[in-house]
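Student: Got a sequence here, can you model it:
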Amino acid sequence: MLPKFRNAWKRVTSAFALAAAGFGGVGLVGVTAAPAHAATTMMNLAYALDNAGYVRVVDVATSTIIDSIPVGTNPTRIVASPDRHTAYVLNNGGYSYGNTVSVIDAATGTVTHTIPVCGGPETEALKPDGSQLWVGCDSSGVTVIDTATATVVRTFTAPLAINSLVFGPDGARAYGGYTDHTKINPYAIVAFALPGSDFGTYMAPQYGVGLVTSPDGAALFFGEQSYDSIGVINPSTGYISNVIELNGPTDGGVLNPAGTDIYYCVNGTYIADVNVAKRFVTRYLTTPCGSGHYTPGSLSVTPDGNTLYADLGSGGISVIDIASGTVTATIPTGARLSRPTAAVAMVQAALVPAVRAVSPGQGPEAGDGTVTITGGPFLGGGGVTAVSFGGVPAASFTVDSDTQITAVAPAQTFRTVDITVTNGNGTSAVGAADEYTYLEAPPIISNLTPGSGVSSGGTSVVITGTDLSTTKEVFFGGTAAASFTVDSDTQVTAVTKAQTNGTVDVSVTNSAGISTPVPGSRFTFFSPVPVVTAVSPAAGSTLGGDTVTITGTRFTGTFRVTFGGIAVPYTLDSDSQITVVTPPWSSAMTPAGPAGSVGLVDVLVTTDVGTSAVSTADQYDYVAPA
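Tutor: Down below sits the predicted model:
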């Protein structure tokens, strides 16, 4: 096989202008988002390209899709900057549309720039220092982008279409594969000259694809589809030094972070582990890695070198443990992943959780309702430390998965609040999707102070209870209060109107309903009896005939005034004053004082409601004349 390979190669000079760039292409790369604050907890994420025009964000810990980033048409390649803060997505939309690079800020998960490039972009690569991004196109063009300014600084017109790019570890030499649609052998590999040169050399194998350079730059590996093998080129001579049999077609390999092994998907049915130093297959992983027989998928390797991601086409993305060769998870196609397009990039970011929906979106003020919160990520970032309803901690919560939390709502007053989730990186931003409404409950009356008042009305009554903040009406029996004031959610002060004597139920109405009668909501109306507050003068002759003024309250309706139980004539001056002429003292009078004080009597006033109560204020003392 080796002689046949060598005979298939020839060295020629190409007037093809390209300068050395950086690493790039299909494969697994790491992106580290700039930390949001000192206490951030980095999360491992995978950016999976979906031909529906999205980057699907996968939480590596759970292999679940937690977010989507819209990019351009038909995204086909992704590469990360050396500092792992930025990802570049190549959008191959065709000659008439698309043809862009989407620049994603890993810290925020958003596209910050969309840069037009040459027609039919097929491959991309970064300079090792990350200063420039090079894009090779099917239209025989190469676009050079300054990554600091996200602007195109140079454009090449190549003789042939570029389908792959890779660079030596020092960035001084670049290698590219191109397609010649007019020749029998459509694929070739070119060694591009140093930066600034307009010329390079190329050699033309049959169907060479998927370029990988060794860490020391001494070997260039490529997939030779015509012979179901891997060819190894010595870059210093430009000739093939080794041929590695695969027994099936491959679409290119991926180098592990240690630089010791290259993994190739062969036939779409198994993975070949090629040792870089020894130049042969050390083992096979009998794990499907493509979309079907003879349809190899692209592989990506995690930064720790322990896991492979394989593009299965309509079958989704397979997560493979390298040590055991077993599939540990599958990210299926469906509503959130239409069809992966080969490229998967591993990224790291200090993600704050997001709340995208709550169900149900309402519940009682008493709380205790179970609420399902969807969004994520909920497992990373040090784990969820708090779930709050408008700043009030949930009564309890359970993290069901990376995308779901079940929480029990705490008790709160009638209002709409934002449900937030907090992890080690921060608290979710608020928005309409996280809103939860506490439904107003019918009011409850627990107590009235005072519990009784005069039937003439005007009594100020403090009503205590719950859910009183939106009180619309207050009734004493069937009569509306003269007025009321909402003091708080637990207190209303109402003033009674005149009513007949008796006990009634006080009710409060809000938008949710009317309070239910309870013992504490009963109010008694009564008619007031008169009260004597003073007698002036408070003493007089036992012979009588003295004019005395009686002051007090509620004298209207008086029909009897007594001195020691003996009725006397009187004049009702007002509701608060009565004038009388004292009768002579009589032994028939009931004394008010202690034994021996026979001259001290009570002056009482009787109305149609009742008789004033006995007190020291109503006493009159009969004294013997001098």
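
Student: number of nearby residues for Cys265?
Tutor: 31 (other Cβ atoms under 10 Å). In this view, the C-beta of every residue, glycine as well, is placed from N, C-alpha and C.

Student: I meant Phe156, not that one.
Tutor: Neighbour tally, Phe156, other Cβ under 10 Å: 19.

Student: State the helix or strand in which it lies.
Tutor: Per DSSP states H and E, Phe156 falls inside strand 151-157.

Student: Paired strands for that strand, with orientation please.
Tutor: Sheet pairing for strand 151-157, assigned by DSSP bridges, gives strand 141-146 (antiparallel).

Student: which residues touch the nearest residue to Thr155 once chain neighbours are set aside?
Tutor: Distances taken as Cβ to Cβ, 6 or more residues apart in numbering place Thr143 nearest to Thr155, at 5.5 Å, with adjacent residues excluded. Counting by Cβ atoms under 8 Å, 6 or more residues apart in numbering, Thr143 touches Val117, Cys118, Pro121, Trp134, Val135, Cys137, Val152, Arg154, Thr155, Phe156.

Student: Kindly indicate whether the fourth one is helix, strand or coil.
Tutor: Which is Trp134. strand (DSSP: H, G, I helix; E, B strand; the rest coil).

Student: Tell me the confidence at Asp311?
Tutor: Listed pLDDT for Asp311 reads 88.

Student: Mind listing the residues bridging to it?
Tutor: With DSSP bridges as the criterion, Asp311 is bridged to Ile317.

Student: likewise Asp50?
Tutor: So, taking DSSP bridges as the rule, Asp50 has Tyr54, Pro340 as bridge partners.

Student: isn't it right up against Ser338?
Tutor: Yes: between Asp50 and Ser338 there is a contact at 5.3 Å, judged by Cβ atoms under 8 Å.

Student: So which of the two has more stuff around it?
Tutor: Asp50 (21 against 15).

Student: Buried ones in stretch 234-253, by neighbour count?
Tutor: Buried residues in stretch 234-253, counted by 16 or more other Cβ atoms under 10 Å: 235, 238, 240-244, 246, 248-253.

Student: what do you get for stretch 360-370?
Tutor: Buried residues in stretch 360-370 (16+ other Cβ under 10 Å): Gly363, Pro364, Glu365, Gly367, Gly369.

Student: neighbouring contacts of that stretch?
Tutor: By Cβ under 8 Å, 6+ apart, stretch 360-370 touches 371, 395, 406-414, 435-441, 467.

Student: What strand or helix carries the residue nearest to Val89 when sequence neighbours are not counted?
Tutor: Distances taken as Cβ to Cβ, 6+ apart put Ser102 closest to Val89, at 4.3 Å, once the chain neighbours are dropped. Taking DSSP H and E as the criterion, Ser102 maps to strand 100-105.

Student: Against which helices or strands is that strand packed?
Tutor: Packing partners of strand 100-105 (3 or more Cβ pairs under 8 Å, 6 or more residues apart in numbering; DSSP states H and E): strand 86-91, strand 110-116.

Student: Could you dump the ones you listed into a markdown table and include mean pLDDT and distance to Lys497?
Tutor: Listed next are the helices and strands packed on strand 100-105 as a markdown table, based on pLDDT from 0 to 100; distance: least, Cβ to Cβ, whole Å:
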| stretch | mean pLDDT | distance to Lys497 |
| --- | --- | --- |
| strand 86-91 | 90 | 74 |
| strand 110-116 | 94 | 64 |
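
Student: Put together a markdown table for those, with mean neighbour count and distance to Leu543 on each row.
Tutor: Shown next, in a markdown table, are the helices and strands packed on strand 100-105 (neighbours: other Cβ atoms under 10 Å; distance: least, Cβ to Cβ, whole Å):
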| stretch | mean neighbour count | distance to Leu543 |
| --- | --- | --- |
| strand 86-91 | 26 | 116 |
| strand 110-116 | 14 | 107 |
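
Student: nearest to Val492, of those?
Tutor: Closest approach to Val492 among the helices and strands packed on strand 100-105 (Cβ to Cβ): strand 110-116, 50.3 Å.

Student: contacting residues around the closest residue to Leu246 other than its chain neighbours?
Tutor: Spatially, and ignoring its direct neighbours in sequence, Leu246 is nearest to Val266 (4.8 Å; Cβ to Cβ, 6+ apart). Contacts for Val266 (Cβ under 8 Å, 6+ apart) come out as Asp228, Leu246, Asn247, Gly248, Pro249, Thr250, Ala272, Cys289, Pro296.

Student: any idea which of the buried residues of stretch 360-370 is closest to Asp418?
Tutor: Gly363 (14.5 Å).

Student: Was I right to think Thr64 contacts Asp402?
Tutor: Yes: under the criterion of Cβ under 8 Å, Thr64 makes contact with Asp402 at 5.1 Å.

Student: what residues do the two have in common as contacts?
Tutor: Gly376.

Student: Name the spans of the stretch 51-200 of the chain whose pLDDT lies under the cut-off.
Tutor: For the stretch 51-200 of the chain, the stretches flagged by pLDDT under 70 are 94-97, 158-159, 178-200.

Student: mind running it again at 90?
Tutor: For the stretch 51-200 of the chain, the stretches flagged by pLDDT under 90 are 51-52, 57-68, 73-74, 76-77, 79-87, 92-98, 105-109, 118-132, 134-144, 154-200.
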